[in-house]
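K.L.:
Any chance you can model this:
(2 chains)
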Amino acid sequence: GAGVSQSPRYKVAKRGQDVALRCDPISGHVSLFWYQQALGQGPEFLTYFQNEAQLDKSGLPSDRFFAERPEGSVSTLKIQRTQQEDSAVYLCASSFDRTHQGTEAFFGQGTRLTVV
Amino acid sequence: QKEVEQNSGPLSVPEGAIASLNCTYSDRGSQSFFWYRQYSGKSPELIMSIYSNGDKEDGRFTAQLNKASQYVSLLIRDSQPSDSATYLCAVTPTFSGGYNKLIFGAGTRLAVHP
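P.N.:
I've put the predicted structure just below:
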């Protein structure tokens, strides 16, 4: 596709429900990032994939958060037993080459998760 | 202390004026610096990147970097109402593993009024 595609755009979950957020990066992009953006804040790093390898998951807030990219393209961020504090916009970004300084990271439109 | 700090604003400037947006960062070893623009309800969009001390110009935008002072700024000349958005400063931390993991500030809201 022409850009990074995320689905769903909006998700309302009842507290305790599991959710899965999908990211379809730009074709051929090696690097894929997940960020969490709370209202009025900047995005915060969650996790990084280089192809199918998850090289950095230091930003995942708890073991309820899990991400995968099994074939090195589409990625899924899963949140188990959602809590109200998980309400945020979840942004996915991809870039072509991790080592090339200046490689632009393209962001998707995000998934707005509201936990009620 | 936050790793990347920005004044939340709003910064209000008249159309045609210069808007000056500032950012400080705490990781002295940071090497890559970015300015993203984010319209309300939209995703961040890269508008400038800078890696060495000094100025970098691109159209109406100029990024300025001073590593000794751990300070990066963005100037927008001839501001237009369409520039009204939140501007996010982002840096790559020292030990990023060779990939462009970004640490963002909270953003500065810019409002350009006619």
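K.L.:
which residues touch the nearest residue to B:L46 once chain neighbours are set aside?
P.N.:
Closest residue in space to B:L46, ignoring its immediate chain neighbours: A:E104 at 5.1 Å, by Cβ to Cβ, 6 or more residues apart in numbering or on different chains. Using the backbone N, CA and C atoms, a C-beta is placed for each residue, glycine as well. Residues near A:E104 by Cβ atoms under 8 Å, 6 or more residues apart in numbering or on different chains: A:95, B:46, B:49.
K.L.:
just A:I26 next, same as before
P.N.:
By Cβ under 8 Å, 6+ apart, A:I26 lies in contact with A:1-4, A:94, A:96, A:106.
K.L.:
Buried ones among those residues?
P.N.:
By neighbour count, with 16 or more other Cβ atoms under 10 Å in any protein chain shown, the contacts of A:I26 hold A:4, A:94, A:106 as buried.
K.L.:
Name the residues that touch the least confident helix or strand in chain A by mean pLDDT?
P.N.:
Every helix and strand in chain A was compared by mean pLDDT, DSSP states H and E; the lowest is strand A:106-107, with a mean of 92. With Cβ under 8 Å, 6+ apart as the test, strand A:106-107 has contacts from A:3-4, A:26, A:29, A:91-95, B:43-45.
K.L.:
In a markdown table: the buried ones among the contacts of A:I26, plus distance to A:Q54.
P.N.:
As requested, the buried ones among the contacts of A:I26 are arranged in a markdown table below (distance: Cβ to Cβ, whole Å):
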| residue | distance to A:Q54 |
| --- | --- |
| A:V4 | 18 |
| A:S94 | 14 |
| A:F106 | 20 |
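K.L.:
thinking again about what came up before, what separates the least confident helix or strand of chain A from the chain centre, distance-wise?
P.N.:
Taking Cα atoms, centre = their mean, to the nearest Å, one finds strand A:106-107 lying 11 Å from the centre of the chain it belongs to.
K.L.:
one step back: now, which of the contacts of A:E104 sits nearest A:Q37?
P.N.:
B:L46 (15.7 Å; Cβ to Cβ).
K.L.:
I'd guess the closest one is in a strand, am I close?
P.N.:
Yes: the assignment for B:L46 is a strand, going by DSSP: H, G, I helix; E, B strand; the rest coil.
K.L.:
Noted, bye for now.
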